[in-house]
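[1] Below is the structure, and that's it, no one-letter string:
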């Protein structure tokens, strides 16, 4: 909850405002701060509303706490996957939480491929989009990302099981 409070406070601190339109809040998390994908920024907003950290009125978000009381360390960035960690602790004992933790998201796969190949994300996304277009968007983007990874000589053995689990619900990819 404390981590989510830090994340929620950042757009308000950055813009020096007491309220923000929903889209501006998400935009700030995804593009200004470059912490999350737009989808994850939206999920963070939804969870903050559910937790009472944000209130929504007429399309504007307001923090449900004193933003000034939250300390953000210099160069703060939320831990990778903090939303999944929160979900696992909230739903402990349910197999779906464990399954989601083990599965890999598109962003995680993209980070892995970028680190392994040394290619920047922009180039990889362009290649992935081109491949998706050629495949008429019939193949899951995570699988397409692995195809592109192989094209650039990336060793995907360490992630293929997790991607398979995410896409097929199984780690049997043989």
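    Perfect, I can see it now. All values reported here derive from a predicted model rather than from experimental measurement. Numbers count the residues shown, from 1 in each chain.
[2] Skipping adjacent residues, who's closest to the spatially most central residue of the chain in space?
    Geometric centre of the chain, nearest residue: residue 40, 4.1 Å, by Cα atoms, centre = their mean. Closest residue in space to residue 40, ignoring its immediate chain neighbours: residue 83 at 6.6 Å, by Cβ to Cβ, 6 or more residues apart in numbering. To be clear about C-beta, it is placed using only N, CA and C from the backbone, and glycine gets the same treatment.
[3] Pull the contacting residues for the one you found.
    Taking Cβ atoms under 8 Å, 6 or more residues apart in numbering, we find residue 83 in contact with 40, 43, 44, 47.
[4] okay but the third one is in contact with residue 5, surely?
    By that I understand residue 44. No: look at residue 44 against residue 5 with Cβ atoms under 8 Å: they stay out of range, at 11.2 Å.
[5] Tell me where this structure has strands.
    In the chain, the strands defined using DSSP state E lie at 20-21, 54-57, 60-63.
[6] Off-centre distance for stretch 23-41?
    Centroid separation for stretch 23-41 versus its chain: 9 Å, with Cα atoms, centre = their mean, to the nearest Å.
[7] where are the low-confidence patches of the chain?
    For the chain, the stretches with pLDDT under 70 are 82, 84-103, 169-174.
[8] what are the ranges of the helices in it?
    In the chain, the helices defined using DSSP state H lie at 2-15, 22-27, 38-50, 82-90, 95-102, 106-117, 121-134, 141-151, 160-168.
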